[in-house]
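Undergrad: got a predicted structure here, sequence first:
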Amino acid sequence: MEYFIADPAGNITAFVFGSPDDRVAETLLSDSSLKIEQVAFLGEPQQGGHIKCEMAGGEFCGNACRAAGYYYILKKSRVRGEEVIVEMSGTGGKPVKVKVDAEYGTAFAQMPLPRGISAIDWDGQELPAVVFDGITHVVAPYLLFESLDLCKEKMHDMCRKLNTPALGVMFLRDDNNLKPLVWVDQAGSLIWESSCGSGSTACAWWLSRDMTEGSKGYRFVQPGGELEIKIDRSLGSCIMQMGGKVKLLDQPFLRRL
C-alpha cells in the first residue's frame, strides 16, 4: 500500500490509499521513526465529493480533513481559491467544504457544528463537553493539567459514558494557549497531539457561547503550530471555519508500506 505524510499545523498524519485497515494503522503508528500522531485512509468518494477521508478509528478530524483537501488540490496542480468537498468520517455522512490556497500553503475547513454543550463531572470538577458527531471535546482549565486522571482506562470509561467514538481534553489557558489530548476508543490510542482542529473549534464554540450575532476570530497556539477559528453567527445560522498552514512531507514521492 502507498501512503504519504502530511503536517497540518504539527498534527502529523499518515494518509494511506485504500480502505481502512486496523493492521496497517497499527504498523504505521508503531513506527516511531515516522513521528506520526494518527492515520487516515483516502479513497474514492461515494456521495459526489472530490475525495473520501476516513480516520483509522472512524472519528472526525478537522486537521486530516483539510490536509486531504490540500492534497487533492496539489494533485490536480491547482494553486489558489479552490474549494474541495471532502467526504469525512465522523460527520454523520455530511461532506465538509475545504478552501485551499496552495500558493500560501493554507487550508480552511468549514467545520460541522457541535450538537450541543453538556456539563460533565471529571474527578469532582464540572467541565463543559462540546459534542460533535464524531468526537466530544472537554474544555478544561490549563491549571488542571496535572490533576485530572487521564489514563487510558479513564478515557475509555468516559467515551462509553458520553457515547462517543473519540474524546479530547483541551487544556486551555486564558491567553488561548492550548494543549490537546485525544483518545480514539477503537484504536486504543491516547496521544498528546501537536494541534487539534476539532478541539480548537470546540474551544472557540465554548468561548463564543453567549454571542448570538456577529463575527469573531480566535487563534490557538499549540505545541506544533497555530490554528485559526473564524465564527460568523446570525439569528438561526452559524458558520465556523478552522485552518492554517499545511505541508505535505512527501511530495512528489509516495512511500510504500
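TA: Thanks, I have the structure now.

Undergrad: for the lengthiest strand in the chain, which helices and strands make contact with it?
TA: Ranked by residue count and defined by DSSP state E, the top strand of the chain is strand 237-248. Here strand 237-248 touches strand 2-8, helix 62-75, strand 106-110, helix 197-207, strand 225-234, going by 3 or more C-beta pairs under 8 Å, 6 or more residues apart in numbering; DSSP states H and E. (C-beta placed from N, C-alpha, C; glycine too.)

Undergrad: dump it to CSV, restricted to CA.
TA: The C-alpha trace of strand 237-248 is given here as CSV (Å, rounded to 0.1, in the frame of the first residue of the first chain):
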residue,chain,number,x,y,z
SER,A,237,-27.4,30.2,11.5
CYS,A,238,-23.7,29.8,12.2
ILE,A,239,-20.6,29.1,10.0
MET,A,240,-17.3,28.1,11.6
GLN,A,241,-14.0,27.7,9.7
MET,A,242,-10.9,26.2,11.0
GLY,A,243,-7.5,26.2,9.4
GLY,A,244,-3.9,27.4,8.9
LYS,A,245,-0.8,26.0,7.3
VAL,A,246,-0.5,22.6,5.7
LYS,A,247,2.6,20.8,4.4
LEU,A,248,2.9,17.5,2.5
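
Undergrad: and that strand, which strands flank it?
TA: strand 2-8 (antiparallel), strand 106-110 (antiparallel), strand 225-234 (antiparallel) (DSSP bridges).

Undergrad: present those as CSV; the columns should include distance to Gly188.
TA: Shown next, in CSV, are the strands paired with strand 237-248 (distance: least, C-beta to C-beta, whole Å):
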stretch, distance to Gly188
strand 2-8, 21
strand 106-110, 26
strand 225-234, 26
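
Undergrad: re the thing from before, now the helices and strands packed on strand 237-248 as a markdown table including mean neighbour count, distance to Leu34 and mean pLDDT?
TA: A markdown table is the format used below for those (neighbours: other C-beta atoms under 10 Å; distance: least, C-beta to C-beta, whole Å; pLDDT from 0 to 100):
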| stretch | mean neighbour count | distance to Leu34 | mean pLDDT |
| --- | --- | --- | --- |
| strand 2-8 | 22 | 7 | 96 |
| helix 62-75 | 27 | 15 | 95 |
| strand 106-110 | 24 | 22 | 97 |
| helix 197-207 | 26 | 20 | 97 |
| strand 225-234 | 19 | 18 | 96 |
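
Undergrad: look up how far Val98 lies from the closest residue in space to Ala6 that isn't next to it in sequence.
TA: If the residues on either side of it in the chain are set aside, Ala6 comes closest to Ala67, at 4.2 Å by C-beta to C-beta, 6 or more residues apart in numbering. Per C-beta to C-beta, to the nearest Å, Ala67 is found 9 Å from Val98.
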